[in-house]
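> Kindly return the folded structure for what I paste below:
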Amino acid sequence: MTSGDLRWPKPIGSPVLDSLRPVIEASRHVRTDVAKIGDVARWMAYEELPVPQFSLPFGLDKNREQAIDFTMVTTVVNTAFSDFKTGVKFQTEYQGQTWSDSEAMVACFKRAMDQGIPILDGRHLARLTREELATIFAGNIEMPMLEEKLACLRDAGKVLEQRHGGFFHNFVTSCSPKLYDGGKGLVDRLVAEFPRFNDVSPWRGHEIKIFKLAQLGYWALYAGLKREGGFRIDDIGSMTAFADYIVPVALRVMDILAYSPDLEERIRTHQLIPRDSEEEVEIRAQMLYATALLTEDVNALRPAELQVIIPQVDARLWLNYHATHWPHHLTRTIMY
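Numbers count the residues shown, from 1 in each chain. Alright, predicted model coming up:
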């Protein structure tokens with residue numbers, strides 16, 4: 001289904017984008033309409049498109065080391081907050097407010113900290129029990145994929161305990177201040193040392209790199225600590241979009257992405273799209289490709305002082321469509 005007028009985005013130093021070419025050139029289920037990208041860029045270029053004003057909740061941005069630990073530990077389990085069968089979103093009560101979805105997960109972690117549970121310490125995470133995690137995630141329903149989240153936390157905790165004194169801030173400070181730096185960078189090492197972040201998929205004999213959560217955790221720190229001294233990433237322009245459920249919907253609604261009739265029907269009827277299936281890989285790869293081209297076309301219409309990077313375009317799409325009623329694909333996975 002690949003569009004005949006295929007063009008390739010300019011290199012930005014991203015192994016993610018560099019890995020996508022086989023999928024983009026030979027997709028069977030998902031197509032990117034390159035001409036439509038230009039149409040959308042002609043109005044999106046004149047929007048503000050700021051770096052999101054993320055802020056770590058509950059005052060956690062005041063302690064830099066704790067901010068890094070909290071962000072990265074919660075990123076470990078930042079996946080699947082709706083029941084796959086019923087569609088009911090996980091919710092919890094904290095500080096007199098009802099929190100939903102990923103915000104509910106974050107509230108649960110802060111509530112655990114208030115109760116004296118050392119939930120940011122890898123030595124504790126490595127020994128978490130299912131019962132303890134279920135109690136931490138007390139809410140309206142059992143946290144979706146609780147077993148998988150437990151395994152992710154325990155595995156990450158073991159790495160932190162064995163190599164980094166128990167804490168993510170020690171890991172971060174031991175990395176190069178680049179995302180990619182010949183194996184020494186923030187993403188390089190995160191995906192190498194923590195298997196839960198190694199978000200890659202096979203596709204017809206090729207390894208397709210996605211790295212959704214690995215990049216998202218650092219983007220949250222980059223944006224969330226801007227007012228508290230910043231979080232240094234020297235090659236922030238090499239960051240791609242974050243291949244999830246919502247941004248493909250935004251691109252589909254804008255007619256930038258098109259699906260085969262069979263895939264469209266499976267998504268519309270809420271059928272599971274298996275992890276690492278051709279369809280799932282193509283949705284994520286085409287979304288990454290399309291957002292890279294859209295960013296290029298937006299920047300071509302903006303002055304030098306208003307140039308944006310891909311995550312700013314991603315944020316524009318996610319923030320405006322995260323609550324849309326248009327159906328998104330469903331995949332049972334720990335990667336997004």
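
> Which residue ranges of the stretch 201-336 of the chain form helices?
212-224, 246-253, 261-268, 278-300, 310-321 (DSSP state H, counting those that start in this stretch).

> typed the wrong thing, it's the stretch 51-200 of the chain
Going by DSSP H, counting those that start in this stretch, the stretch 51-200 of the chain shows helices at 64-76, 101-114, 122-125, 130-136, 146-163, 168-173, 186-193.

> Contacts for the last one next, please.
The one in question is helix 186-193. 159, 163, 171-172, 174-183, 197-199, 211, 214-215, 217-218, 233 (Cβ atoms under 8 Å, 6 or more residues apart in numbering). Quick note: C-beta positions are derived from backbone N, CA and C, even for glycine.

> Filter these down to the buried ones, ChimeraX style.
To isolate the buried ones among the contacts of helix 186-193 in ChimeraX, judged by 16 or more other Cβ atoms under 10 Å, type:
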select :159,171,172,175,176,178,179,180,181,197,199,211,214,215,217,218,233
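
> circling back: of all the helices of the stretch 51-200 of the chain, which one comes closest to residue 10?
helix 186-193 (19.9 Å; Cβ to Cβ).

> Any buried residues in that closest one, and which?
Buried, per 16+ other Cβ under 10 Å, within helix 186-193: 186-191, 193.

> Just want the angle from that helix to helix 64-76.
60 degrees (axes from the mean of the first three to the mean of the last three Cα atoms, to 10 degrees).

> pLDDT averaged over helix 186-193 - what is it?
The average pLDDT for helix 186-193 rounds to 98.

> cool, stretch 294-307 as well?
98.

> Would you mark the buried spots in that stretch?
Those would be 294-299, for stretch 294-307 by 16+ other Cβ under 10 Å.

> swap in stretch 156-166?
Buried residues in stretch 156-166 (16+ other Cβ under 10 Å): 156-161, 164, 166.

> From residue 143, how far out is residue 134?
Relative to residue 143, residue 134 is positioned 7 Å away (Cβ to Cβ, to the nearest Å).

> how far away is residue 176 from residue 200?
Taken as Cβ to Cβ, the span from residue 176 to residue 200 is 21 Å.

> that older thread, show me which of residue 134 and residue 143 is the more surrounded one.
residue 143 (24 against 14; other Cβ atoms under 10 Å).

> mind checking how far the nearest residue to residue 223 once chain neighbours are set aside is from residue 307?
If the residues on either side of it in the chain are set aside, residue 223 comes closest to residue 54, at 4.1 Å by Cβ to Cβ, 6 or more residues apart in numbering. Going from residue 54 to residue 307 by Cβ to Cβ gives 20 Å.
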